[in-house]
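**Student:** Pasting the sequence and the predicted coordinates here, then a few questions.
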Amino acid sequence: MGTRRLFILAVMLVGMLSAAPVEAQDTAARQLARQFLSLIDQGQSPNAYRLCAQYFTSRMTEDAFSAQISVWRAQLGGPAQQRNLVQESVMDRDPQTGQPMTINFFRFRATFPNGSVIEDVTLIQEGGQWKVAGIYRFPA
């Protein structure tokens, strides 16, 4: 094997070995992101709001959150008929402040009765637990 092939193989192996623990860590975060979106689909905005970080709740009241969820549900025609995770990433610092912290970002593509949207869910750790720090939806 040439030097270039060995280098590529070594990089792939290191990438696979270092990715395994991150993948295991992120399982809880991924499950929380899915649970959060499921609660929104079911119209259970108070329960979804309880999964949000203080960062989020200090910027949006529960009433405002519930009102936004109601608007989304009306616009989209009901709960998601299908939802697929299309991207996820882990960052080790806040991109705005540079503060060290773990941030999990998940992007889903969801199909609703009235169309498809991209859903971005961002999670941070708060008190040793994953919490939703943001959600953003836009047309797919």
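**Tutor:** Sure thing, it's come through.
**Student:** Please count neighbours and contacts with C-alpha atoms only from this point.
**Tutor:** OK.
**Student:** Pull up the pairing partners for the strand or helix carrying T111, direction included.
**Tutor:** In this structure, T111 sits in strand 100-112 according to DSSP states H and E. For strand 100-112, the paired strands and their directions (DSSP bridges) are strand 82-93 (antiparallel), strand 115-126 (antiparallel).
**Student:** ok, now which ones touch the closest residue to F108 other than its chain neighbours?
**Tutor:** Here the nearest residue to F108 in space, its sequence neighbours aside, is L85; by Cα to Cα, 6 or more residues apart in numbering that works out to 4.4 Å. For L85, the contacting residues are F106, R107, F108, R109, by Cα atoms under 8 Å, 6 or more residues apart in numbering.
**Student:** if I look at L85, how far off is R107?
**Tutor:** Distance check for L85 against R107: by Cα to Cα, to the nearest Å, it reads 6 Å.
**Student:** secondary structure class for A29?
**Tutor:** At A29 the chain is in helix, as set by DSSP: H, G, I helix; E, B strand; the rest coil.
**Student:** For the closest residue to D120 other than its chain neighbours, grab the count of nearby residues.
**Tutor:** Distances taken as Cα to Cα, 6+ apart place R107 nearest to D120, at 4.5 Å, with adjacent residues excluded. Close neighbours of R107, defined as other Cα atoms under 10 Å, add up to 20.
**Student:** wait, R107 sits on I118?
**Tutor:** Yes. Judged on Cα atoms under 8 Å, R107 makes contact with I118 at a distance of 6.8 Å.
**Student:** which of the residues in stretch 54-73 are buried?
**Tutor:** Buried residues in stretch 54-73, counted by 16 or more other Cα atoms under 10 Å: F56, T57, E62, F65, S66, I69, S70, W72, R73.
**Student:** of these, closest to M101?
**Tutor:** Of all the buried residues of stretch 54-73, the one with the least separation from M101 (Cα to Cα) is F56, at 15.9 Å.
**Student:** Just give me the neighbour total for the closest residue to T57 other than its chain neighbours.
**Tutor:** Across the structure, with Cα to Cα, 6+ apart as the measure, the residue nearest T57 apart from its sequence neighbours is Y49 (7.8 Å). Y49 is flanked by 22 other residues according to other Cα under 10 Å.
**Student:** That concludes my questions; thank you for your assistance.
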